[in-house]
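**Student:** fold the following for me, if possible:
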Amino acid sequence: MWILTAVLLLIPLFPAFSQEGTVRLFREVQGPYSIVEKSDWSRYDNGKYIGHVYREVRASIIPQAMQQYRGNFFVMEETLRDMRQSARAVDEVIPVSFRIDGERVAIDPPGDDRGFPSLRNFPAIPADAIKPGSKWIAKGKRAVDPLNEGKPVVIPLVAEYEYRGIEDYRNIPVHRIVAKYASRYEGQGEAFQVQGTHNVDILLRVSDGIPLLMRDTLDETYSWPNGSTIRFRGFTLTFGDGLVPLDREAFITTVKTTERTLPTGSGTKKSTDPGIDKIAESGIDLAAVPEGVKLTVKDIRFEPDSDQMLAAERPRLDMIARVLKETPDRTFLVEGHTAAIGRPTGEMELSVQRAKGMVDELVSRGIPAERFIYKGWGGTRPLGDNTSDEGRRINRRVEITILE
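**Tutor:** Residues are numbered from 1 along each chain as shown. Presented below is the predicted three-dimensional model:
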C-alpha cells in the first residue's frame, strides 16, 4: 500500500561558468549510478491516522549505448526507525531497461512499465544559462501505485524551479535548486483521483553534477468513486552517487590468483591465501553477471528444515567473507533458494530465513550489516531437476551478488 517513488538520477549535470557569472547546466552520462531512496510518511485512511510507512528503494543503473540504461530496483520491506542500519529484506526485485529520448523516458519493451524510474524528466534542466534567483517551468511525468497493486499509473506534472546558488553540503560544493509541483489527476471510471503538493530541495555536486540529495516534502490524497481515501504526508529522501565501474573479470582473476601481492607494514610480499585461492574447490562458483559478480554457494548445508548452518560450513563462510572484503564500497544481494518438494509457502519462508542466516554469518565476520540486502525465492528458480536427489542438492543454494 504505497507509492512507487524511485527517482531517475542517472544523468549528471555539468556546470560551465560564463564570463557574466551565470551557470549553464549540461547533461552528460558518466558511468553507473547508485540510488538510495528512503520514505517516511504518515498514512491516513478515510481521514483516520493508521500509522507510519517506512520504505526503502535501492537501484544500480548502468548506462548502455545510445542513451539506453539497464539495472535493477530493489524495493525493501517496511522497516522501523531503530533498524535503519540493519540488513534489508527485499520485497521486490524489478529489472528495468529504458531509453532517454530528449525529455522522454521510453521503457523497453513499451508494455513492461512497472513504474520505475517513477519520476521522468525531473529534475528538468533549463537550456539557458542561469544565476541565483533564476526560475523556469518544465513538464514531467510520475508513476504512482497508491494501493501497491503492481499497476502503476503514469500521470503528468508541471514543476516550477528556482536556482539558489552554490553552497557546501558535507564539505562538498553543491548547486541548490528548489522545485515544487502539484499533483492533479482524475482517472476515468473506477480509477482514482489524486490531489496534493510536493516541495523538493535538490543538491547537485558542482564537480560533476551528480544529484547528491533530493528531499521531497509531500502531502497527497488519493480518492476513489466509492468515497474511500488514502492520504500520505511526510518526506522522501533520495541519495545519488556515481560508482567506479566494477571490473568483473579483473576481480574474478584477482580472487582466483594463487600468488598475490599483499601490503605489509614495510612494503609488500607474495602470499598464498588458500581460503580464497581454493574457492572453486570448495563448491563456490564465481561468475560475471550483468548485475556484477555472483558467488553461488552450492549445496549449502543446514540443519534439516532449518536456517541454522552446519558447523562444517564455517570454512566456506570465512572464505566468502574474505572475498566480499575485497570490494569495500559495494552492496551485496544475498538470495536464498530451496529445492521444490511441493510446499511452496514453507519453501519461500525457509529460503528467506536462510538468506538472512547467511547475512548474519557474514556480519559476524566483520562486514557492516547495512551493506546487505536479501531475498528468498523458495524453489521457484531451480538449476536442477527436483525429481532427483542430485537436482534437489543443486537447487539448495545461496547466491551472493556483488552489485555494480
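**Student:** every contact and neighbour count from this point should use C-alpha atoms.
**Tutor:** Noted.
**Student:** helices and strands around the helix or strand harbouring residue 351, which ones?
**Tutor:** Using DSSP states H and E, residue 351 maps to helix 344-363. Packing partners of helix 344-363 (3 or more CA pairs under 8 Å, 6 or more residues apart in numbering; DSSP states H and E): helix 314-324, strand 332-337, strand 372-376, strand 397-403.
**Student:** any chance of those in a markdown table, with mean neighbour count, mean pLDDT and distance to residue 195 too?
**Tutor:** Output for the helices and strands packed on helix 344-363, formatted as a markdown table (neighbours: other CA atoms under 10 Å; pLDDT from 0 to 100; distance: least, CA to CA, whole Å):
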| stretch | mean neighbour count | mean pLDDT | distance to residue 195 |
| --- | --- | --- | --- |
| helix 314-324 | 17 | 90 | 46 |
| strand 332-337 | 26 | 94 | 37 |
| strand 372-376 | 25 | 93 | 34 |
| strand 397-403 | 23 | 92 | 37 |
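**Student:** and for residue 46, the neighbour number?
**Tutor:** 15 (other CA atoms under 10 Å).
**Student:** what do you get for residue 284?
**Tutor:** 22.
**Student:** for it, which residues are in contact?
**Tutor:** Residues near residue 284 by CA atoms under 8 Å, 6 or more residues apart in numbering: 295, 296, 297, 298.
**Student:** farthest pair in those?
**Tutor:** 295 and 298 (9.3 Å; CA to CA).
**Student:** between these two, which one's more packed in?
**Tutor:** More crowded of residue 295 and residue 298, by other CA under 10 Å: residue 295, with 20 against 17.
**Student:** which helices and strands sit right next to the helix or strand harbouring that one?
**Tutor:** Following DSSP H and E, the helix or strand that holds residue 295 is strand 292-298. If you count contacts as 3+ CA pairs under 8 Å, 6+ apart, strand 292-298 packs onto helix 248-256, strand 284-289, strand 397-403.
**Student:** quick one: closest of the ones you listed to residue 350.
**Tutor:** strand 397-403 (11.9 Å).
**Student:** list the strands paired with that closest one, with their directions.
**Tutor:** strand 292-298 (antiparallel), strand 332-337 (antiparallel) (DSSP bridges).
**Student:** okay, now the unreliable bits of the stretch 151-300 of the chain?
**Tutor:** 243-244, 257-278, 280 (pLDDT under 70).
**Student:** tell me, what's touching residue 295 and residue 298 both at once?
**Tutor:** By CA under 8 Å, 6+ apart, the residues touching both residue 295 and residue 298 are 284, 285.
**Student:** follow-up on the earlier one: let me have the helices and strands packed on strand 292-298 in CSV, adding distance to residue 97 as columns.
**Tutor:** Shown next, in CSV, are those (distance: least, CA to CA, whole Å):
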stretch, distance to residue 97
helix 248-256, 21
strand 284-289, 16
strand 397-403, 17
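**Student:** how about the contacts made by the residue nearest to residue 347 when sequence neighbours are not counted?
**Tutor:** Using CA to CA, 6 or more residues apart in numbering and skipping the chain neighbours, the partner closest in space to residue 347 is residue 378 (4.7 Å). Residues in contact with residue 378, defined by CA under 8 Å, 6+ apart, are 336-340, 344-345, 347-352.
**Student:** write the PyMOL selection for whichever of the residues you listed are buried.
**Tutor:** To isolate the buried members of the contacts of residue 378 in PyMOL, using 16 or more other CA atoms under 10 Å:
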select buried, resi 336+337+338+339+340+344+347+348+350+351+352
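**Student:** can you put the contacts of residue 378 in a markdown table and add distance to residue 105?
**Tutor:** Converted to a markdown table, those look like this (distance: CA to CA, whole Å):
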| residue | distance to residue 105 |
| --- | --- |
| 336 | 34 |
| 337 | 35 |
| 338 | 38 |
| 339 | 40 |
| 340 | 39 |
| 344 | 38 |
| 345 | 38 |
| 347 | 38 |
| 348 | 35 |
| 349 | 37 |
| 350 | 39 |
| 351 | 36 |
| 352 | 34 |
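**Student:** which of the contacts of residue 378 sits closest to residue 384?
**Tutor:** Relative to residue 384, the closest of the contacts of residue 378 is residue 339; by CA to CA it sits at 8.9 Å.
**Student:** ok, now how distant is that closest one from residue 397?
**Tutor:** Residue 339 sits 9 Å away from residue 397, going by CA to CA, to the nearest Å.
**Student:** circling back: which stretch among the strands paired with strand 397-403 comes nearest residue 393?
**Tutor:** strand 292-298 (8.0 Å).
**Student:** tell me which stretches of the stretch 1-150 of the chain form strands.
**Tutor:** 13-17, 23-27, 33-45, 48-63, 68-76, 88-101, 104-107, 119-120, 135-144 (DSSP state E, counting those that start in this stretch).
**Student:** mean pLDDT lowest for which of these?
**Tutor:** When the strands of the stretch 1-150 of the chain are ranked by mean pLDDT, strand 13-17 comes last with a mean of 46.
**Student:** next, count neighbours for residue 312.
**Tutor:** 10.
**Student:** now residue 48
**Tutor:** 11.
**Student:** ok, now residue 230?
**Tutor:** 21.
**Student:** bridging residues for it?
**Tutor:** residue 45, residue 222.
**Student:** tell me the contacts of it?
**Tutor:** 43, 44, 45, 46, 47, 146, 221, 222, 223.
**Student:** spatially central residue for this structure, please.
**Tutor:** With distances taken as CA atoms, centre = their mean, residue 58 lies nearest the centre of the chain, 1.8 Å away.
**Student:** does it touch residue 37 like I think?
**Tutor:** Yes - using CA atoms under 8 Å, residue 58 is in contact with residue 37, at 6.3 Å.
**Student:** residue 163 and residue 135, how far apart?
**Tutor:** 7 Å.
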